[in-house]
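Engineer: sequence plus the predicted model coming up.
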Amino acid sequence: MDLAFHNFTINPVGLSAADGRKYVREVHEHLRWIHRTVSGRTLLNVIRRPTFPVEIRPYPGADCNARGGGEVKPGAAAVSGFVEYSPSTFSSTGACSALPAAENRGRLWDEILFHELVHVFRNATGKWDASAPLSYAMRHYNNNEEFIAVMCTNIYVADRSNKIKTGLRAGHRGYTAMAPEDAMRFGLFTSSRNAFALVKKFCDDHPIFSKALSDRLPDVVYNPVADYYRFPRLCEALSIFGAMKDRAQLRASLTSIGLSGAFVDRLLDFLM
Ligand SMILES: [Zn+2]
């Protein structure tokens, strides 16, 4: 993976000389893993812009996290991309190792980096918008941007050219595994009423990237973008099941706080 070609810089800011060299080596290696896959190469190519440099630097927090997106550096006239990512956070002795062993979906080094690079891509294309509403059964994605990053990373995990990986991640709250009924073709569209609209918006925002994900990975076990392009009417029709799931999940959560079932049903009839 040619850093200069992609307009990427790995900046080991805050680290000693020896730690800095190790940091650059490790991050470059994880970028190479991404670049070796079909979906990873596709993402890196759509991020690449001569006018949009991307800086990867250590994550400054001590928690189990990484960040990515766009920023305007002091004195700069335009937005550039950044990722705050430290391989050590996601190593066996890092902050994430405190999580239960089973909660590891999407938590390998390159999977984390891929996720943050999707955030960078959304900024590179000027499409970043975390305010789009999510229906009830999609709340575990937190917002539209995290939904997009988790969905694309799940496609990266499903990509057969990606040989070393964890598994499909359920959402953005933690790193638990996706439920089996969601982890299959069309599963996403039956999971919530507005899954179809969100996938459609993503594809409309990024025709080149989304068509490449669809055309180059048509037969993998999880690729909602390919499902959308091949069977758009079916995906839209499945939203009816998604609406039922939204209602069922909201009902379960309202009755669990002590409201009577009859009252909750009347409320939901009014609301949905
Ligand atoms: Zn994210």
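Structural biologist: Received the coordinates, thanks.

Engineer: got a pLDDT number for residue 113?
Structural biologist: You'll see residue 113 listed with a pLDDT of 98.

Engineer: elements contacting the helix or strand hosting it?
Structural biologist: Using DSSP states H and E, residue 113 falls within helix 109-124. Counting contacts by 3 or more Cβ pairs under 8 Å, 6 or more residues apart in numbering; DSSP states H and E, helix 109-124 packs against helix 17-35, helix 38-47, strand 54-57, strand 67-71, strand 80-84, helix 144-158. In this view, the C-beta of every residue, glycine as well, is placed from N, C-alpha and C.

Engineer: so, low pLDDT: which residues of the protein?
Structural biologist: Residue ranges of the chain with pLDDT under 70: 242, 272.

Engineer: what residues does it have near the ion?
Structural biologist: Applying Cβ under 5 Å from the ion, we find that the chain lies next to the ion at 146, 149.

Engineer: 6 Å instead, please
Structural biologist: Within the chain, the positions near the ion by Cβ under 6 Å from the ion are 115, 119, 146, 149.

Engineer: what's near enough to touch the first one?
Structural biologist: When you say that, I think you mean residue 115. 66, 68, 106, 149-150, 152-153 (Cβ atoms under 8 Å, 6 or more residues apart in numbering).

Engineer: closest to the ion among those residues?
Structural biologist: residue 149 (4.6 Å; Cβ to the ion).

Engineer: and the residue of the stretch 151-272 of the chain closest to the ion?
Structural biologist: residue 172 (6.6 Å).

Engineer: wait, that residue touches residue 147, no?
Structural biologist: Yes. Judged on Cβ atoms under 8 Å, residue 172 makes contact with residue 147 at a distance of 7.5 Å.

Engineer: and for residue 75, the neighbour number?
Structural biologist: Applying other Cβ atoms under 10 Å, we find 5 other residues in the vicinity of residue 75.
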